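Visitor: test case, fold it:
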Amino acid sequence: PIYLRLLPGGVLQMYFEKGLEKPFKEFQLLPQCRLSDLKVESYSEPRKVLTVKVEHFSYTEKKRYHPKQEVNHDAEVEQLLKFGSTVHSDMEDLVVSIEEELFKLSVPHQQRRNYEEQELSLQITDHIWILMDTSGGVKERAAFTQIHCLAFLSGQGD
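Guide: Predicted coordinates for the structure are as follows:
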């Protein structure tokens, strides 16, 4: 097993043992990183492991020539890290912690580009957790909304 420490600014430190001072590896999370969905994989005969990948993603505008010319904005994804655990709550805590840190990272200013085909898409996801008692009453609840905007827009950013 390895142990992780997530520092402010998106630095992920990895340790071979709990309590060590010096990590064997450090990884800087970037604003272009995202987490995959949690996935259950086979680990050994009776056990399953829950995994999550840290991925670097970027988008490119590609022309395709079919009967008519088509322009698509395709995602290019590269797996950077993969973590797994048999403890479900540990993986959920890891995902929440990394997502919160990724949200805080500032995106460097990029030079304006002109796109042949402009596109704007929104993905809105509501996450709701409810803890109920045996009679169906709500004991605890928490919710948050994620809004992902993907824009390929030309011209001024007014």
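
Visitor: buried stuff in the strand ranked longest in the chain?
Guide: Longest strand in the chain, counting residues (DSSP state E): strand 47-65. Neighbour-count burial for strand 47-65, counted by 16 or more other C-beta atoms under 10 Å, picks out 49-55. No exception for glycine: its C-beta is placed from N, CA and C like everyone else's.

Visitor: how about stretch 17-29?
Guide: For stretch 17-29, a neighbour-count test (16+ other C-beta under 10 Å) marks 23, 27, 29 as buried.

Visitor: show the contacting residues for the last one.
Guide: When contacts are counted by C-beta atoms under 8 Å, 6 or more residues apart in numbering, L29 touches 10-12, 54, 98, 101-102, 105.

Visitor: for the residues you listed, which one is nearest S135?
Guide: The closest of the contacts of L29 to S135 turns out to be I98 (C-beta to C-beta; 36.3 Å).

Visitor: which of the contacts of L29 fall within helices?
Guide: Mapping the contacts of L29 onto helices (DSSP state H) picks out 98, 101-102.

Visitor: of those residues, buried ones?
Guide: Buried by 16+ other C-beta under 10 Å: 98, 101-102, out of those.

Visitor: quick revisit: tell me the helices and strands packed up against the longest strand of the chain.
Guide: Judged by 3 or more C-beta pairs under 8 Å, 6 or more residues apart in numbering; DSSP states H and E, the packing partners of strand 47-65 are strand 33-35, strand 39-44, strand 69-85, helix 88-104, strand 138-152.
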